[in-house]
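**Q** A predicted structure for the sequence below; I have some questions about it.
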Amino acid sequence: MRSMFAGVAVVCAAGVASAAPIPINFTNIENNSAFNAMSVIDVTVDSVSTTGAVFRFARTGTHTAAITQIYIDDNASLFTTSRSFVGSAGTAYSVTAGNLPGGNAQGFSADWGIGSIPPPTHNAVNANGEWVDITLTLATGKTYANVLSAINSGSFRLGMHIQSLPNQSGPEEASDAYISTNVVPLPPAVWSAAGGLLLAGGAVAVRKRQRR
């Protein structure tokens with residue numbers, strides 16, 4: 001009986017993890033602009049086999065918003081120092097030091113980050129269809145499920161410095177800083193698919209036991 005349920009658990013976990021990239025919610029910690037930059041920015045997390053996680057920062061829509069800096073605050077010690085990033089055409093980033101603007105007041109302390117190279121707004125993710133992926137390697141004993149849980153608890157946070165935003169107090173452009181808050185709950189269709197995999201896995205396990 002123990003082996004049957006172990007098999008079902010593996011099938012279910014694999015089905016959920018590979019269903020689709022999971023969106024991440026963010027909150028504005030500076031509010032220099034009245035414009036909600038997250039209306040034109042999508043951030044998602046997905047598993048990389050069983051060894052890591054990839055975070056995609058992508059632009060949608062036509063309003064101006066340039067992701068000039070991205071920072072990681074890993075208080076959960078989820079990941080090793082093995083990190084990589086790659087961007088779409090029209091973007092260029094390099095590793096950067098420092099911390100997220102406004103992050104100190106939120107207890108945000110960056111372990112690592114990337115920034116667009118000068119001119120920063122030009123080389124940032126700043127137009128519909130552009131993106132940058134950051135891939136992190138899981139530490140020994142850590143899982144993708146741990147990553148999702150840590151994002152929700154705030155023990156792992158992402159930060160973005162976003163420039164070229166409309167300024168509510170003048171003609172010049174504004175910038176804001178955003179910090180991750182939680183992953184968006186999986187839609188019912190994904191859970192239904194996972195449930196189907198669970199039932200299928202259980203049926204296979206039962207048939208195997210019956211043949212013995």
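**A** Noted; the coordinates are in hand.

**Q** For the rest of this, base every contact and every neighbour count on C-alpha atoms.
**A** OK.

**Q** Which residues belonging to stretch 100-110 are considered buried?
**A** Leu100, Pro101, Gly102, Gly103, Phe108, Ser109, Ala110 (16 or more other Cα atoms under 10 Å).

**Q** actually stretch 32-39, not the one I typed
**A** Asn32, Ser33, Phe35, Ala37, Met38.

**Q** could you measure Thr96 against Ala110, distance?
**A** 10 Å (Cα to Cα, to the nearest Å).

**Q** show me the contacts for the closest residue to Arg56 other than its chain neighbours.
**A** In space, and not counting its chain neighbours, Arg56 is closest to Asp133: 4.4 Å by Cα to Cα, 6 or more residues apart in numbering. Residues near Asp133 by Cα atoms under 8 Å, 6 or more residues apart in numbering: Val54, Phe55, Arg56, Phe57, Phe85, Val86, Gly87.

**Q** So for the strand or helix carrying Asp133, mean pLDDT?
**A** If you go by DSSP states H and E, Asp133 is part of strand 131-138. The pLDDT scores in strand 131-138 average 98.

**Q** Over to stretch 152-162?
**A** 98.

**Q** buried ones in that stretch?
**A** Neighbour-count burial for stretch 152-162, counted by 16+ other Cα under 10 Å, picks out Asn152, Gly154, Phe156, Arg157, Leu158, Gly159, Met160, His161, Ile162.

**Q** how about the strands in the protein?
**A** 22-28, 41-48, 52-59, 66-74, 79-87, 93-95, 112-116, 131-138, 156-165, 174-183 (DSSP state E).

**Q** Any stretches of the protein with poor pLDDT?
**A** Scanning the chain for pLDDT under 70 picks out 1-19, 170-171, 186-212.

**Q** now do 50
**A** Residue ranges of the chain with pLDDT under 50: 1-18, 190-191, 193-209.

**Q** Not counting its neighbours along the chain, what's nearest Tyr163?
**A** Careful, residue 163 is Gln and not Tyr. Ser175 (4.2 Å).

**Q** What's the separation between that neighbour and Asp73?
**A** With Cα to Cα as the criterion, Ser175 and Asp73 are 20 Å apart.

**Q** Please report the distance of the residue nearest to Arg56 from Ala65.
**A** 17 Å.

**Q** related to what we said a few turns ago, with respect to burial, which of the strands of the chain scores highest?
**A** strand 66-74 (a mean of 25; mean count of other Cα atoms under 10 Å).

**Q** Quick one: distance of that strand to the chain centre.
**A** Offset of strand 66-74 from its chain centre (Cα atoms, centre = their mean, to the nearest Å): 11 Å.

**Q** relative orientation of it and strand 112-116 in degrees?
**A** 170 degrees (axes from the mean of the first three to the mean of the last three Cα atoms, to 10 degrees).

**Q** ok, residues contacting strand 66-74?
**A** By Cα under 8 Å, 6+ apart, strand 66-74 touches 99-100, 108-116, 120-122, 124-127, 155-165.

**Q** could you dump it to PDB, C-alpha only?
**A** In PDB, the C-alpha atoms belonging to strand 66-74 read as follows (Å, rounded to 0.1, in the frame of the first residue of the first chain):
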ATOM      1  CA  ALA A  66      11.700  49.300 -18.500                       C
ATOM      2  CA  ILE A  67      12.900  46.600 -16.100                       C
ATOM      3  CA  THR A  68      16.400  48.000 -15.500                       C
ATOM      4  CA  GLN A  69      17.300  46.000 -12.400                       C
ATOM      5  CA  ILE A  70      16.300  42.600 -10.900                       C
ATOM      6  CA  TYR A  71      17.400  41.500  -7.400                       C
ATOM      7  CA  ILE A  72      17.100  38.200  -5.400                       C
ATOM      8  CA  ASP A  73      16.700  38.100  -1.700                       C
ATOM      9  CA  ASP A  74      17.100  34.400  -0.700                       C
END
